[in-house]
Each structure stands twice: as structure tokens, then as C-alpha cells.
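Asks: sharing a model that was predicted from the sequence below.
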Amino acid sequence: MLELDVIFQPFVERYYEQLSVKNKEVFVRLLEGEDPELFAWFMGHEQCPDPELAEMVVLVRGRPAP
């Protein structure tokens, strides 16, 4: 989904390398989610039920785009 690419690509390019090993694992797990589910979480339409993934959504959403 292009909308998710717009969210994830800048984050990966600017911040991924700065993440801890654990947060990198959580981020990879997040990327394994289904597009409609991810879109709902990132747009705030639904709350992510997994606490680790929910924290990563907040982290990714809180980073400014380039």
C-alpha cells in the first residue's frame, strides 16, 4: 500500500539504524502485518492489540518526515 510506504520509507532511511536490536525486531514484526490492519493503526482508526507493536506505531508516527 503506497500510503504505508510513505510512512515507512523515511523512517527506515533516517531512524532504523538508531533503533536497539529489540526495537528492530519489533519493527520487522510490524512490517509482517496486513496492510489494512497497519493502515488502521497508523491512521488512528484502530488500536493495535499488541503492546510492543503499538509502541512502535507511536514511535514511527512521531518521527518527522524529511
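Replies: Received it, and whenever you're ready, just let me know what you need.

Asks: mean confidence score for the helix or strand hosting residue 6?
Replies: For residue 6, the element it lies in under DSSP states H and E is helix 2-15. Averaging pLDDT along helix 2-15 yields 89.

Asks: same question, stretch 23-32
Replies: 97.

Asks: same check, this time on stretch 53-66
Replies: Stretch 53-66 comes out at a mean pLDDT of 83.

Asks: quick one: buried residues of it?
Replies: 53, 56-57, 59-60 (16 or more other CB atoms under 10 Å). No exception for glycine: its C-beta is placed from N, CA and C like everyone else's.

Asks: convert the C-alpha atoms of it to PDB, please.
Replies: C-alpha atoms of stretch 53-66 as PDB (Å, rounded to 0.1, in the frame of the first residue of the first chain):
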ATOM      1  CA  LEU A  53       3.700  -3.100  18.100                       C
ATOM      2  CA  ALA A  54       1.500  -0.300  19.500                       C
ATOM      3  CA  GLU A  55       4.700   1.400  20.900                       C
ATOM      4  CA  MET A  56       6.400   1.000  17.500                       C
ATOM      5  CA  VAL A  57       3.400   2.600  15.800                       C
ATOM      6  CA  VAL A  58       3.700   5.600  18.100                       C
ATOM      7  CA  LEU A  59       7.500   5.800  17.600                       C
ATOM      8  CA  VAL A  60       7.200   5.700  13.800                       C
ATOM      9  CA  ARG A  61       4.300   8.200  13.700                       C
ATOM     10  CA  GLY A  62       6.200  10.500  16.000                       C
ATOM     11  CA  ARG A  63       9.200  10.900  13.700                       C
ATOM     12  CA  PRO A  64       9.200  13.900  11.400                       C
ATOM     13  CA  ALA A  65       9.300  13.200   7.700                       C
ATOM     14  CA  PRO A  66      12.400  14.500   5.800                       C
END
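
Asks: how far out from the middle of the chain is it?
Replies: Centroid separation for stretch 53-66 versus its chain: 6 Å, with CA atoms, centre = their mean, to the nearest Å.

Asks: next one: stretch 52-66
Replies: Stretch 52-66 sits 6 Å away from the centroid of its parent chain (CA atoms, centre = their mean).

Asks: same question, stretch 1-17
Replies: Counting by CA atoms, centre = their mean, stretch 1-17 comes out at 8 Å from the chain centroid.
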